[in-house]
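> 3D, please:
(2 chains)
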Amino acid sequence: MTFAIRRSVTRAVAALAVLLVVPTHAPAIEEGPASEISDLHRSIASLRGQIELASGDDFYLLLDPAGATLELVLHGVVLQSYAVSSIEVGRPRVVYVEGGAADGLRDRVWTHGEMHPVREHDRLEIRVDEANPAPEEIPVPPTPEERYPAPDRWLVRYAEGLSLEVVAADSTDSSSFGLWSALAHRAADLAAALFGDRGTRLRVELAREDAGTLYRSLPPATSLLILPGESGR
Amino acid sequence: MPETRIPRDADVPFPAGALDRRPGRVAIVAVVPRSRVARIAIAIVAVVAAVVVWGTGYVYRPMAADDGRSIASAAPAPENPARLRSERDKLAAALRKKTPSGHYIVVDQTNNRLYLKRGEETVLSAVCSAGSGMILHEGEGGRSWIFDTPRGAFKVRNKIENPVWRKPDWAFVEENKPIPADPSERLEYGSLGEYGLYLGDGYLIHGTLYERLLGRSVTHGCIRLGRDDLRQVYRETRIGTPVFIF
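Model (predicted):
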């Protein structure tokens, strides 16, 4: 009897030891800090977004706050890269009450971006017939800078409500022109906050030449993806 | 003291500081109500308007690391980081595969610039000429052509030495000349330069006789390059080289 009890106790202790030991020898599930896992999730979501965009036939912009660049991309190939000197988030405010929402700026692809003011395509039309013979010499067209003068501040408005606001550096100078320009922008912001779409804005400052080049060459209906990472500037 | 009469149209000099009464100036008269209540009401309205204007508009602040993150992505459920890292690396590799391994050409058709690239390195930056955007009409009710350079992704489909231009109909319409029935009358030698890179649908990267117009949008949709740049592009590309035009 005593032997049976002793054997039962021995078996129970052995079983308990097995239960305690086995999990420590099972493949360990490494659990990293929550911030690392969170960063990995963000990287994966961003890469999926980039692959989705790269698989399409449309042009898109990638804003990289960490690298301080704004890139024009097609099929995953960077066509142009612009250095960004600052990135700011703008929210509409009506009588000191802020609206708009910054949540989800980086978690999605912003689509169908349209420029504002619209870049009008200035086309020369020629009709040739008996009454209108061919011109001796077609006039030399203006340079791109003359043809499409770039404003010092312009927007790309996305269908989902976000606007990318591109500002040329030194556009807020203290000269009289800069003062009038700043007043005009203030009035435009006021009208937008009161009567406009009241969407969140993402303001990026580029060198004046880059802002003009991008204004002249940005294809229609581009998408935008904001990469993870903190703005270093 | 006798009164001095001055003719109405005489040019009378005003003393310094006097009111300038030259014709064409408009006097601005401020209307101030006499009622005290009305004055106070106007002052209140002005103050309220100033407060509304000052407190309305857009407020900007630098983008922070957690700006734009949704609540769901900011607080994920505990997971295995090794698995996540592996997934991230696979996705990054899949994205890298999409970029060309060798040379590729990028054309900024609005700013008339052509770049020959390899990876992230820019091998050549050249001034080019792209489509003028002109619209040509063939008389009343006739055909129309728009001379745009197309945007998108292309490939070099053929490399041609001493290309011969087979003039399309619009070339004759533009010069108000009859369209020839004999195909041999459409051929023009020498006008496309030493080399041509055919992109399909009638579009080429080729040379030009008018290098002074490089940098301006003057073509019928093709991309013109200067002689030396064209030689380098021709030398360093092959059939299949990707061409991106934006």
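
> could you use CA atoms for every contact and neighbour count after this?
OK.

> for the most centrally placed residue in chain B, give me phi and psi.
Centrality entry for chain B: nearest residue to the mean C-alpha point is B:Thr110, 5.0 Å, by C-alpha atoms, centre = their mean. The phi/psi pair for B:Thr110 (degrees, to the nearest 10) reads phi -80, psi -40.

> packing partners of the longest strand seen in chain B?
Assignment by DSSP state E gives strand B:121-129 as the longest strand of chain B. Packing partners of strand B:121-129 (3 or more C-alpha pairs under 8 Å, 6 or more residues apart in numbering or on different chains; DSSP states H and E): strand B:113-118, strand B:223-225.

> closest to A:Asn132 out of those?
strand B:223-225 (28.7 Å; C-alpha to C-alpha).

> who's in contact with the closest one?
B:126-131, B:149, B:203-208, B:211, B:214 (C-alpha atoms under 8 Å, 6 or more residues apart in numbering or on different chains).

> now a PyMOL select for only the buried ones of these.
For the buried members of those, the matching PyMOL selection, counting by 16 or more other C-alpha atoms under 10 Å in any protein chain shown, is:
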select buried, chain B and resi 126+127+128+129+130+131+149+203+204+205+206+207+208+214
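
> could you list the buried residues of stretch B:114-122?
B:114-117.

> looking at chain B, which helix or strand is least sure?
helix B:71-74 (a mean of 48; mean pLDDT, DSSP states H and E).

> let me see the ranges of the helices in chain A.
For chain A, the helices defined by DSSP state H occupy A:2-25, A:34-54, A:144-147, A:176-195, A:208-217.

> got the phi/psi numbers for B:Arg93?
Just so we're on the same page, residue B:93 is Ala rather than Arg. phi -70, psi -40.

> how near is it to chain A?
Per C-alpha to the nearest C-alpha, to the nearest Å, B:Ala93 is found 10 Å from chain A.

> and that residue, what does it touch?
Neighbours of B:Ala93 in contact, by C-alpha under 8 Å, 6+ apart: none.

> and the closest residue to B:Leu124 other than its chain neighbours, what are its bridge partners?
Of all residues not flanking B:Leu124 in the chain, B:Leu116 sits nearest, at 4.9 Å (C-alpha to C-alpha, 6 or more residues apart in numbering or on different chains). Counting by DSSP bridges, B:Leu116 is bridged to B:Ile105, B:Leu124.

> pLDDT score assigned to B:Leu116?
pLDDT, B:Leu116: 98.

> list the buried residues in stretch A:218-230.
A:218-219, A:221-230.

> out of the residues you listed, which touch chain B?
A:218-219, A:228-230 (C-alpha under 8 Å from any C-alpha of the partner chain).

> which among these gets closest to B:Ala92?
Looking across these and measuring by C-alpha to C-alpha, the closest to B:Ala92 is A:Pro228, at 14.1 Å.

> is the closest one in contact with A:Arg106, as I believe?
Yes - look at A:Pro228 against A:Arg106 with C-alpha atoms under 8 Å: they come within range, at 6.8 Å.

> overlap in contacts, these two.
The contact lists of A:Pro228 and A:Arg106 share A:Ser46, where a contact means C-alpha under 8 Å, 6+ apart.

> wait, what's in contact with A:Arg147?
Counted by C-alpha under 8 Å, 6+ apart, A:Arg147 has contacts A:Asp122.

> how does it look with 10 Å?
A:120-122, A:141, A:216, B:110 (C-alpha atoms under 10 Å, 6 or more residues apart in numbering or on different chains).

> how much space separates A:Val167 from chain B?
13 Å.

> for burial, what's the neighbour tally of that residue?
23 (other C-alpha atoms under 10 Å in any protein chain shown).

> give the bridge partners for A:Tyr82, please.
A:Leu70.

> measure B:Val37 to chain A for me?
Distance, B:Val37 to chain A, using C-alpha to the nearest C-alpha: 26 Å.

> what about that residue, helix or strand, and which?
When elements are assigned from DSSP states H and E, B:Val37 belongs to helix B:36-54.

> next, the angle from that helix to helix A:176-195.
Using axes from the mean of the first three to the mean of the last three C-alpha atoms, to 10 degrees, the direction of helix B:36-54 lies 100 degrees away from that of helix A:176-195.

> what helices or strands is helix B:36-54 leaning on?
strand A:77-94, helix A:176-195 (3 or more C-alpha pairs under 10 Å, 6 or more residues apart in numbering or on different chains; DSSP states H and E).

> closest to the centroid, which residue in chain A?
A:Ile226 (3.4 Å).

> any idea what that one is bridged to?
A:Leu63.

> ok, now which ones touch it?
Per C-alpha under 10 Å, 6+ apart, neighbours of A:Ile226: A:46, A:49-50, A:61-65, A:70, A:105-110, B:68.

> can you give me the strands in chain B?
Under DSSP E, chain B gives strands at B:57-62, B:103-108, B:113-118, B:121-129, B:135-138, B:144-146, B:152-155, B:158-161, B:164-166, B:187-189, B:195-200, B:203-206, B:223-225, B:242-245.

> out of these, which is closest to A:His75?
strand B:152-155 (8.0 Å).

> tell me the mean pLDDT over the closest one?
On average, strand B:152-155 scores 98.

> next one: that strand to chain centre, how far?
19 Å (C-alpha atoms, centre = their mean, to the nearest Å).

> what helices or strands is it leaning on?
Counting by 3+ C-alpha pairs under 10 Å, 6+ apart, strand B:152-155 packs on strand B:103-108, strand B:195-200, strand B:242-245.

> now these in a markdown table, with mean neighbour count and mean pLDDT?
Output for the helices and strands packed on strand B:152-155, formatted as a markdown table (neighbours: other C-alpha atoms under 10 Å in any protein chain shown; pLDDT from 0 to 100):
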| stretch | mean neighbour count | mean pLDDT |
| --- | --- | --- |
| strand B:103-108 | 23 | 98 |
| strand B:195-200 | 22 | 98 |
| strand B:242-245 | 20 | 98 |
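
> turn those into JSON lines, including distance to A:Asp57.
Below are these laid out as JSON lines (distance: least, C-alpha to C-alpha, whole Å):
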{"stretch": "strand B:103-108", "distance to A:Asp57": "16"}
{"stretch": "strand B:195-200", "distance to A:Asp57": "17"}
{"stretch": "strand B:242-245", "distance to A:Asp57": "11"}
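
> right, and the ones you listed - which one's nearest B:Pro183?
Across these, closest to B:Pro183 is strand B:195-200 (C-alpha to C-alpha), at 20.4 Å.

> pLDDT at A:Tyr79, what is it?
Wrong residue type there; residue A:79 is Leu, not Tyr. According to the prediction, A:Leu79 has pLDDT 96.
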